[in-house]
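> What would the 3D arrangement of this be:
(4 chains)
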Protein chains: 2
Amino acid sequence: MYNQEALVNRLHARGIRVTPQRAMILRAVEAMPGHVTAEELYAAVQAESPYVNLATVYRTLDLLKSLDLITDADMGTGATHYALRSHADHHHAICRACRHSVEFPDHLLSGLIHDLHTGYGFEAEANHIVVFGLCAACAKIEELHSSPA
Amino acid sequence: MYNQEALVNRLHARGIRVTPQRAMILRAVEAMPGHVTAEELYAAVQAESPYVNLATVYRTLDLLKSLDLITDADMGTGATHYALRSHADHHHAICRACRHSVEFPDHLLSGLIHDLHTGYGFEAEANHIVVFGLCAACAKIEELHSSPA
DNA sequence: TTGCAAATGCGAATGATTTGCAGCAAATTG
DNA sequence: CAATTTGCTGCAAATCATTCGCATTTGCAA
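Residues are numbered from 1 along each chain as shown, chains lettered A, B, ... in the order given. Below you'll find the predicted structure:
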């Protein structure tokens, strides 16, 4: 898996200070699977050391984002979800009814990304696209509700 | 263009009360082009009558959303943008550097929507998809900054 | 060691959205 | 019609994620 120190090394390599709190946050990001909220990371880091501030978590997340090491996505829950860039090989289709999310692979977007590039010169950062809609089950339910008009 | 009373009629048709404030908000939604924030609608309606509350604007927007008459999209500005469902025949590619947005047509997503449907039974409501990335100009600038490594 | 820039903690501020609740208006009932 | 139920509104207060100001601490360089 991940080096568990990969992010720390990346920061070092770029001559960025790696403070204890940053190291803890970085390790937490790497250790947690998939997408995490700032709050969840905060909780994880607190378990290790209670003297890390939520604001610092946000600031570190911002730093990592600006270095392109993590990606963020709005999954429609109110809180931003973060994930390692290297984890971003899939996307999400989220059902607006049951809130469940279906992951779908990267290549379903390759057409769109290609078209945006050739047609508009736009470099889509399609790392964690979120598409809303209705999952199979909920779509069926909606249908029942609307058809007997 | 739009009937200017189309939404009002739709509500009537569904047996939903059309109060003065709702009528004003509905007309404002129809009159304003493209995507609007709740705050902008609020301002527009205030101009007509100062006794309409922001909470009512939100509540009406929720109502319209639940009736599928409008769509909402997070354009990354903090505030949700609303648009008439009938206006939703395009999508947005937003540059994370210059914040400009490129509109792209519906059909670039047809492949994705089709794949999600056949592969996952997911009914994507791809009315106002927002894709972030870099526009042609900003991509070039980024390139200059990173290449001399 | 001295100094300065960068990083942190803390609590307060922000900004969009929601909610509780009392008052009102419209629709429904008898 | 009067009475009653149902739903809408305004208001102000509450939420919730995120950011800021600012005083303090830390890391690294001279």
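> could you pull out the helices for chain A?
Along chain A, the segments classed as helices by DSSP state H run A:6-13, A:20-31, A:38-48, A:54-66, A:110-120, A:136-146.
> Could you chop chain A up by domain?
Domain segmentation of chain A under automatic domain parsing yields A:1-86, A:89-149.
> Among the ones you listed, single out whichever gets nearest to DNA strand C.
domain A:1-86 (3.3 Å; C-beta to the nearest atom of the strand). The C-beta positions use only the backbone N, C-alpha and C, and glycine is treated the same way.
> about what we covered before: just tell me which of the domains of chain A ends up closest to chain B.
With C-beta to the nearest C-beta as the measure, domain A:89-149 is the member of the domains of chain A nearest chain B (3.0 Å).
> which parts of chain A sit against chain B?
Residues of chain A found near chain B (C-beta under 8 Å from any C-beta of the partner chain) are A:74, A:93, A:95-96, A:102, A:104, A:108-109, A:111-112, A:115-116, A:119-126, A:129, A:131-136, A:139.
> quick one: stretch A:93-106 near DNA strand D?
No. Between stretch A:93-106 and DNA strand D, judged by C-beta under 7 Å from any atom of the strand, nothing touches; the nearest distance is 14.8 Å.
> thinking again about what came up before, in a markdown table, list the helices of chain A along with mean neighbour count and mean pLDDT.
A markdown table is the format used below for the helices of chain A (neighbours: other C-beta atoms under 10 Å in any protein chain shown; pLDDT from 0 to 100):
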| stretch | mean neighbour count | mean pLDDT |
| --- | --- | --- |
| helix A:6-13 | 16 | 78 |
| helix A:20-31 | 20 | 92 |
| helix A:38-48 | 17 | 93 |
| helix A:54-66 | 17 | 95 |
| helix A:110-120 | 16 | 94 |
| helix A:136-146 | 12 | 78 |
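> Could you dump these into TSV with distance to B:V57 added?
Output for the helices of chain A, formatted as TSV (distance: least, C-beta to C-beta, whole Å):
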stretch	distance to B:V57
helix A:6-13	43
helix A:20-31	39
helix A:38-48	29
helix A:54-66	30
helix A:110-120	33
helix A:136-146	26
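> closest one to A:H87 among these?
Comparing the helices of chain A by their distance to A:H87 (C-beta to C-beta), the top pick is helix A:20-31, with 9.7 Å.
> Now A:V18. Its backbone dihedrals?
The phi/psi pair for A:V18 (degrees, to the nearest 10) reads phi -110, psi 100.
> was I right about it contacting A:R10?
No. Using C-beta atoms under 8 Å, A:V18 is not in contact with A:R10; the gap is 9.8 Å.
> JSON lines for the helices of chain A, including distance to DNA strand D?
Formatted as JSON lines, those follow (distance: least, C-beta to the nearest atom of the strand, whole Å):
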{"stretch": "helix A:6-13", "distance to DNA strand D": "9"}
{"stretch": "helix A:20-31", "distance to DNA strand D": "6"}
{"stretch": "helix A:38-48", "distance to DNA strand D": "4"}
{"stretch": "helix A:54-66", "distance to DNA strand D": "4"}
{"stretch": "helix A:110-120", "distance to DNA strand D": "25"}
{"stretch": "helix A:136-146", "distance to DNA strand D": "17"}
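> so which of those helices comes closest to B:L64?
Proximity to B:L64 (C-beta to C-beta) singles out helix A:136-146 among the helices of chain A, at 16.6 Å.
> Between helix B:110-120 and the closest one, find me the angle.
On the basis of axes from the mean of the first three to the mean of the last three C-alpha atoms, to 10 degrees, helix A:136-146 is oriented at 100 degrees to helix B:110-120.
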